[in-house]
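A.B. asks: Sequence plus the predicted model coming up.
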Amino acid sequence: MANLHLHHQEEHLQSSDFISDIVIGMSDGLTVPFALAAGLSGAVADSSLVVTAGIAEIVAGSIAMGLGGYLAGRTEADHYTSERRREALEVETVPEREKEEVREVFADMGLSPTLQAVIADELAKDKTKWIDFMMKYELGLEKPDPNRATKSALTIGSAYVAGGLIPLTPYFFINPPTLALLYSCLSTLICLFIFGYFKSSVTGQPPISGAFKVTLIGALAAAAAFGVAHFFS
């Protein structure tokens with residue numbers, strides 16, 4: 001009888017930080033410039049004014065968002081370094097207490113007291129791996145990518161620019177702005193739907209409902225901005 005080999009392949013989301021950065025940058029890039037352009041369309045008579053203001057907003061927004069991503073990445077790295085330094089000190093100064101914490105981790109996993117003690121003693125023979133274990137299972141901290149802050153800043157900023165140019169592009173070619181707004185709404189809402197579908201798919205959420213939710217939020221933001229600008233103008 002032929003042997004049957006069953007291959008189990010686990011599929012998990014890879015590069016979750018990269019995906020998160022794209023989602024952050026793209027979601028704001030699509031909605032904020034879209035709302036700004038819609039608002040200005042109700043207040044000005046020339047599309048060039050919308051383009052000028054839109055480009056200024058995209059530049060400022062991408063820098064601000066990128067800087068926020070960089071600072072978040074640096075904070076994460078600094079926090080990890082600080083906690084690892086503290087954990088290393090505790091391993092040196094109070095090793096028995098740290099062993100007890102290792103045993104508590106495995107107790108929560110259902111291992112017997114005898115096996116807990118054996119594992120703790122074996123783990124303590126290699127202080128680097130011991131500290132790695134405590135960082136991950138006691139504190140719940142993973143070692144961050146040393147280039148995470150820079151990558152995050154560039155990814156978020158670039159995604160913001162890419163998203164922001166979508167609602168602004170019709171104003172480069174169409175005048176008056178109220179007519180350009182119609183094309184901007186069409187292109188942006190389609191992109192919001194696609195983006196919402198993609199975002200929900202990669203995060204394990206229902207893609208259709210997620211797509212409609214993202215699209216609705218963008219549409220409401222643009223409608224509110226247009227209504228306020230039109231009212232005050």
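C.D. replies: It's in.
A.B. asks: Please make it C-alpha for all contacts and neighbour counts, starting now.
C.D. replies: OK.
A.B. asks: what's the neighbour count on Asp17?
C.D. replies: Counted with other CA atoms under 10 Å, the neighbours of Asp17 add up to 13.
A.B. asks: how about Ala45, secondary structure?
C.D. replies: Of the three states, Ala45 takes coil according to DSSP: H, G, I helix; E, B strand; the rest coil.
A.B. asks: Over to Tyr70?
C.D. replies: Classified using three-state DSSP, Tyr70 is helix.
A.B. asks: List the contacts of it.
C.D. replies: Shown in contact with Tyr70 (CA atoms under 8 Å, 6 or more residues apart in numbering): 148-153.
A.B. asks: Leu168 too?
C.D. replies: 33-34, 37, 51, 54, 184.
A.B. asks: Go through these and say which is closest to Pro113.
C.D. replies: Relative to Pro113, the closest of the contacts of Leu168 is Pro33; by CA to CA it sits at 59.5 Å.
A.B. asks: Please tell me how far that closest one sits from Ala162.
C.D. replies: Distance, Pro33 to Ala162, by CA to CA, to the nearest Å: 11 Å.
A.B. asks: Compare neighbour counts for the two and give me the winner.
C.D. replies: Summary of the neighbour comparison: Pro33 and Ala162, criterion other CA under 10 Å, with Pro33 having more neighbours (28 against 16).
A.B. asks: Which residues in the helix or strand that contains the more buried one does the neighbour count mark as buried?
C.D. replies: Using DSSP states H and E, Pro33 maps to helix 16-41. Of all the residues in helix 16-41, those buried under the rule 16 or more other CA atoms under 10 Å are 19-41.
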